[in-house]
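[1] Predicted model, plus sequence, below.
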Amino acid sequence: MKIATYNVNGITARLPVLLRWLQETTPDVACLQELKAPQEKFPEDALRDIGYFAKWHGQKSWNGVAILSRKDNIQEVRRALPGDDEDSHSRYIEAIVDGITIGCLYLPNGNPAPGPKFEYKLKWFERLTTHAAELMNSGKPVVLTGDYNVMPTELDVYKPERWGDDALFRPETRQAFHTLMSQGWTDALRELNPGVKIYTFWDYFRNAYGRDAGLRIDHFLLSPQLKSKLVDAGVCRDVRGWEKSSDHAPVWIQLRD
DNA sequence: ATGTCCTCTCTTAGAGGA
């Protein structure tokens, strides 16, 4: 099974690029973030026309997450993280697809830090970690993927010395990611490419893509049952260079059936 | 501080978020 994740940065503006990428790479499952569209504006028909079923949780202007599948086999489990009924952001959706639990997440950016947005990010991270522990303890095969807005190590930043105070790279953020990983998750792309520079995001500013001034912030976390089935993984780097592209590139993994 | 892109509105320009 090939599973992909893609922060589209606005599914309405990104629809031509999204459809082209899906048709060229045909992932079995695709997790999308930053729909930036209300529930009723999701392009369900356009996706169905190219063979994808979908469950999504939209929100006007901001956030929004979706899980796509080439089969009508998406069993939605939840569309919010537990732990805060007051949290109105659409940042998490979870479904079982072909027996694999797939959590699709858009972790808060958190800038400027310090400040209330950074506090929200860390709180959200704690809720994710609590929920991830339950999934891990369930013993089921689980994929937690999406835009984590975290560069886990210096290798994941084009210029680490410039990012120390940023919410995506502050010690508290990296520590939170480390705490989550210590439950026993496998960072799929890093697992297959130890020591290799991999980026999944290039800012729109200052020709970041042309200069390869990138960040690795979109991740695939695998439960132990799936680590042994991981056969390949990569980033669709070229998609970032297409006309009207997102600032993120799609990322994918291949699991043995 | 700046750069760019996307979305929304007290809309065709500016603000907020990333």
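    That came in fine, so what should we check first?
[2] Is any residue of stretch A:167-177 near DNA strand B?
    No: contact of stretch A:167-177 with DNA strand B (C-beta under 7 Å from any atom of the strand) is absent, the minimum separation being 8.8 Å. Placement of C-beta: from N, CA and C, glycine included.
[3] what is the mean pLDDT for that stretch?
    Taken as a whole, stretch A:167-177 has a mean pLDDT of 97.
[4] How about residues contacting it?
    Residues outside stretch A:167-177 that contact it (C-beta atoms under 8 Å, 6 or more residues apart in numbering): A:109-113, A:117-118, A:121-122, A:125-126, A:129, A:148-153, A:157, A:160, A:163-164, A:215, A:217.
[5] Any idea how many residues pack against the closest residue to DNA strand B within the stretch 51-200 of chain A?
    Closest approach between the stretch 51-200 of chain A and DNA strand B, counting by C-beta to the nearest atom of the strand: A:Ser61, at 3.7 Å. Taking other C-beta atoms under 10 Å as the neighbour definition, A:Ser61 ends up with a count of 9.
[6] That one reaches A:Lys36, doesn't it?
    Yes: look at A:Ser61 against A:Lys36 with C-beta atoms under 8 Å: they come within range, at 6.2 Å.
[7] Let me see the ranges of the helices in the stretch 101-250 of chain A.
    Read by DSSP state H, counting those that start in this stretch, the stretch 101-250 of chain A holds these helices, from start to end of the chain: A:116-138, A:171-181, A:188-192, A:208-211, A:224-227, A:237-240.
[8] Save those helices as JSON lines, and put in mean neighbour count and distance to A:Ser88 too.
    Formatted as JSON lines, the helices of the stretch 101-250 of chain A follow (neighbours: other C-beta atoms under 10 Å; distance: least, C-beta to C-beta, whole Å):
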{"stretch": "helix A:116-138", "mean neighbour count": "17", "distance to A:Ser88": "11"}
{"stretch": "helix A:171-181", "mean neighbour count": "17", "distance to A:Ser88": "22"}
{"stretch": "helix A:188-192", "mean neighbour count": "19", "distance to A:Ser88": "31"}
{"stretch": "helix A:208-211", "mean neighbour count": "14", "distance to A:Ser88": "31"}
{"stretch": "helix A:224-227", "mean neighbour count": "16", "distance to A:Ser88": "32"}
{"stretch": "helix A:237-240", "mean neighbour count": "17", "distance to A:Ser88": "30"}
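[9] hang on, the earlier thing: and the contacts of stretch A:167-177, which are buried?
    The neighbour-count test (16 or more other C-beta atoms under 10 Å) applied to the contacts of stretch A:167-177 identifies A:109-110, A:113, A:118, A:121-122, A:125-126, A:129, A:148-152, A:157, A:163, A:215, A:217 as buried.
[10] What about DNA strand B: which of these touch it?
    Restricting the buried ones among the contacts of stretch A:167-177 to those touching DNA strand B (C-beta under 7 Å from any atom of the strand) yields A:Asn109.
[11] Give me the mean pLDDT for whichever strand or helix holds A:Arg20.
    Using DSSP states H and E, the element containing A:Arg20 is helix A:11-25. Per-region confidence: helix A:11-25 scores 97 on mean pLDDT.
[12] Those residues of the stretch 101-250 of chain A touching DNA strand B, which are they?
    Where proximity means C-beta under 7 Å from any atom of the strand, the interface of the stretch 101-250 of chain A facing DNA strand B comprises A:108-109, A:111, A:117, A:204-206, A:244.
[13] Format these as TSV; extra columns: distance to A:Gly83.
    As requested, these are arranged in TSV below (distance: C-beta to C-beta, whole Å):
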residue	distance to A:Gly83
A:Pro108	14
A:Asn109	20
A:Asn111	23
A:Lys117	18
A:Tyr204	33
A:Phe205	35
A:Arg206	38
A:Lys244	37
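[14] quick one: which two of the residues you listed are the most distant?
    The widest separation within these, taken as C-beta to C-beta, falls between A:Lys117 and A:Lys244 and amounts to 27.9 Å.
[15] And the contacts of the helix or strand of chain A with the lowest mean pLDDT?
    Of all the helices and strands that make up chain A, helix A:208-211 has the lowest average by mean pLDDT, DSSP states H and E, namely a mean of 95. Taking contacts as C-beta under 8 Å, 6+ apart, the residues outside helix A:208-211 that touch it are A:202, A:214, A:240-241.
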